[in-house]
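Peer 1: output the structure for:
(chains A and B)
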2 protein chains.
Amino acid sequence: MREAFHVQLDRVSDDLVEMTRLVGTAMQKATAALLDADLALAESVIEGDDEIDAQASKVEQDCYQVSALQQPVATDLRIIVAALRISASLERMGDLAVHVAKSARLRYPNAAVPEELRETFTQMGAIAQEVVAKTGTVIATKEVAHAADLARTDEEMDRMHRRLFHAVLDPSWSHGVEAAVDVTLLSRFYERFADHAVTIAKRVVYVVTGEPYATVDPEAAARA
Amino acid sequence: MREAFHVQLDRVSDDLVEMTRLVGTAMQKATAALLDADLALAESVIEGDDEIDAQASKVEQDCYQVSALQQPVATDLRIIVAALRISASLERMGDLAVHVAKSARLRYPNAAVPEELRETFTQMGAIAQEVVAKTGTVIATKEVAHAADLARTDEEMDRMHRRLFHAVLDPSWSHGVEAAVDVTLLSRFYERFADHAVTIAKRVVYVVTGEPYATVDPEAAARA
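Peer 2: Numbering: from 1, shown residues only, chains lettered A, B, ... in the order given. Purely as a prediction, here's the structure:
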């Protein structure tokens, strides 16, 4: 009976790893749609979000089923709750990819990102890929060391976010208010995307180590 | 034994209602600090966030204790999971109040909000108060009708958010890029604050009705 329980928990973990893949692909496509002003690609990200939401619902239902199968002891309950929260964070990361895609769609056939910031967003997109890949590794391996690695990657994202603010607020900014508003929000979407990944890693660490989850504000570093 | 369990669950519910009060006060002060460029008030919101985080940790610990006290059946588990998620949303609402306060602090002794947008942010602050009060009512009463009411209030917030975009992107905007970036992010903080409240109400509805939680993007309306 307990074995069946743990087999089901492993399945939930696999489903969460699959969600990181879906979310990573969504953000990769959204970034490409943004940089290339590719409307069809942007639409595909927006439509594809249903699949991520469906996967989140599946995890949610599986978690309730697995707990009905056998009344969970305290440790198991922590794992189930962590899985539900991780699923919610991944769903939210999917939403952020959709926001990036919608920004690309809104400005089509123009590019939402001025030429001089292409490199910044290319890098933010690359960091987002790194972040989501590491999130998958943390969930799959449950190794605490990977979480620290992920936090360092998040710091890179924060640095890009600050760099973008400097560019927008520099007197040499020549792209006007609309572009400033667009890239400010876009940069925040990428920054929040990475923050959610760090939150997920912390939840995994909590389950593994049993240490209370530290209530930190992951944005503090980005805005310091 | 089951009675003790439910007494403890009621206590968790009371703690969540108390969190809505703390979060509401934080956003009220942050709005005042923003509109009056009041540095001391802004600092008090930033420092006060520890209390909200501590309350969230207390709810979290209580939830694990209550489930250790008695192995929860499926319905109870849903309630516990909902409480943990509601606590996380409220903590995040507290963070958003801190972001507003930090924006006020960053521009001090100047005001982060141009005179012509004071009225907009005054209204957003008032709607935020309404939203958080209704969130407390939904948690306390568990009445589904209040959730629908809250969704309508959130729509008002979305309207204000769109209005702000129009003001910033209008050719008559005369406050430059920095103010545009500031008010765009500020407006988003208020909008997300209300979104979290709607998410909380949906979680309560899910627990009460047992209907699967619809995975919707509460920002869709705001950006449509």
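Peer 1: okay, CA-based contacts and neighbour counts for the rest of this
Peer 2: OK.
Peer 1: packing partners for the helix or strand containing A:Glu91?
Peer 2: Secondary structure from DSSP states H and E places A:Glu91 in helix A:74-107. Here helix A:74-107 touches helix A:2-36, helix A:39-69, helix A:176-209, helix B:39-69, going by 3 or more C-alpha pairs under 8 Å, 6 or more residues apart in numbering or on different chains; DSSP states H and E.
Peer 1: which of those helices is buried the deepest?
Peer 2: helix A:176-209 (a mean of 22; mean count of other C-alpha atoms under 10 Å in any protein chain shown).
Peer 1: helices or strands up against that one?
Peer 2: Using 3+ C-alpha pairs under 8 Å, 6+ apart, helix A:176-209 is in contact with helix A:74-107, helix A:118-141, helix A:144-169, helix B:144-169, helix B:176-209.
Peer 1: out of these, the one nearest B:Asp62 is which?
Peer 2: helix A:74-107 (12.3 Å; C-alpha to C-alpha).
Peer 1: quick one: that closest one to chain centroid distance?
Peer 2: When distances are taken as C-alpha atoms, centre = their mean, to the nearest Å, helix A:74-107 is centred 6 Å away from the chain's centroid.
Peer 1: likewise stretch A:51-68?
Peer 2: Distance, centroid of stretch A:51-68 to centroid of chain: 19 Å (C-alpha atoms, centre = their mean).
Peer 1: ok, that stretch near chain B or not?
Peer 2: Yes: counting by C-alpha under 8 Å from any C-alpha of the partner chain, contacts between stretch A:51-68 and chain B involve A:Asp53, A:Ser57, A:Tyr64, A:Ser67, A:Ala68.
Peer 1: CA atoms only for that stretch, dumped as CSV, please.
Peer 2: Taking Å, rounded to 0.1, in the frame of the first residue of the first chain, the C-alpha atoms of stretch A:51-68 are listed here in CSV:
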residue,chain,number,x,y,z
GLU,A,51,-1.7,22.5,-22.2
ILE,A,52,0.3,23.9,-19.3
ASP,A,53,-2.9,24.7,-17.4
ALA,A,54,-4.2,21.2,-18.1
GLN,A,55,-1.0,19.7,-16.8
ALA,A,56,-1.3,21.8,-13.6
SER,A,57,-4.9,20.5,-13.1
LYS,A,58,-3.7,16.9,-13.7
VAL,A,59,-1.0,17.3,-11.0
GLU,A,60,-3.6,18.8,-8.7
GLN,A,61,-6.1,16.0,-9.2
ASP,A,62,-3.3,13.4,-8.8
CYS,A,63,-2.2,14.9,-5.5
TYR,A,64,-5.7,14.7,-4.1
GLN,A,65,-6.1,11.1,-5.4
VAL,A,66,-2.7,10.0,-4.0
SER,A,67,-3.8,11.4,-0.6
ALA,A,68,-7.1,9.6,-0.8
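Peer 1: any chance of TSV for the helices and strands packed on helix A:74-107, columns mean pLDDT and distance to B:Gly210?
Peer 2: Shown next, in TSV, are the helices and strands packed on helix A:74-107 (pLDDT from 0 to 100; distance: least, C-alpha to C-alpha, whole Å):
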stretch	mean pLDDT	distance to B:Gly210
helix A:2-36	92	21
helix A:39-69	91	12
helix A:176-209	94	26
helix B:39-69	91	20
